[in-house]
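**Student:** Can you look at this prediction? I've put the sequence above it.
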Amino acid sequence: MAVLTVRNLPDEVHRALRVRAADHGRSTEAEVRAILESAVKPAGSLKLGSLLADIGRKAKLTDAEVDLIAERDRSLPREIDFG
């Protein structure tokens, strides 16, 4: 994992980061990571689960249909012969 050093950070910015981190219940370092991550993420990106849930709502699936989807094959994968 990469390491980043920020030099010449104004004291008021550092204080604000510490306060913001405390408000979110994390360390200043974790807060900076969260800020940087949110700054570089593509706008409007969705997680796969959210996207699938949205598709299900739009399709107006019944509870029975959702149960059928949940009943997937849980057996171990079988070996493939490429010969």
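**Tutor:** Sure thing, it's come through.

**Student:** Helices along the chain, start to end?
**Tutor:** 11-23, 28-40, 48-59, 63-70 (DSSP state H).

**Student:** low-scoring stretches of the chain, by residue?
**Tutor:** Applying pLDDT under 70 to the chain flags the ranges 44-46.

**Student:** Spatially central residue in it, please.
**Tutor:** Nearest to the mean C-alpha position of the chain, by C-alpha atoms, centre = their mean, lies Lys47 at 6.6 Å.

**Student:** quick one, which of the helices of the chain is nearest to Glu79?
**Tutor:** Smallest distance to Glu79 across the helices of the chain (C-beta to C-beta): 26.8 Å, for helix 63-70. Every residue, glycine included, has its C-beta placed from N, CA and C.

**Student:** okay, the angle between that closest one and helix 48-59?
**Tutor:** 150 degrees (axes from the mean of the first three to the mean of the last three C-alpha atoms, to 10 degrees).

**Student:** Export stretch 40-53 to PDB, keeping only CA atoms.
**Tutor:** Presented in PDB, the C-alpha positions along stretch 40-53 are these (Å, rounded to 0.1, in the frame of the first residue of the first chain):
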ATOM      1  CA  VAL A  40     -11.300  10.500  -6.500                       C
ATOM      2  CA  LYS A  41     -14.200   8.200  -6.900                       C
ATOM      3  CA  PRO A  42     -16.200   8.500 -10.100                       C
ATOM      4  CA  ALA A  43     -19.300  10.600  -9.500                       C
ATOM      5  CA  GLY A  44     -22.500   8.600  -9.300                       C
ATOM      6  CA  SER A  45     -20.800   5.200  -9.000                       C
ATOM      7  CA  LEU A  46     -23.000   2.500  -7.700                       C
ATOM      8  CA  LYS A  47     -22.100  -0.700  -5.900                       C
ATOM      9  CA  LEU A  48     -23.300  -3.900  -7.600                       C
ATOM     10  CA  GLY A  49     -25.700  -4.800  -4.800                       C
ATOM     11  CA  SER A  50     -27.400  -1.400  -5.000                       C
ATOM     12  CA  LEU A  51     -27.700  -1.700  -8.700                       C
ATOM     13  CA  LEU A  52     -29.200  -5.100  -8.500                       C
ATOM     14  CA  ALA A  53     -31.700  -4.000  -5.800                       C
END
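
**Student:** Thanks a lot, catch you later.
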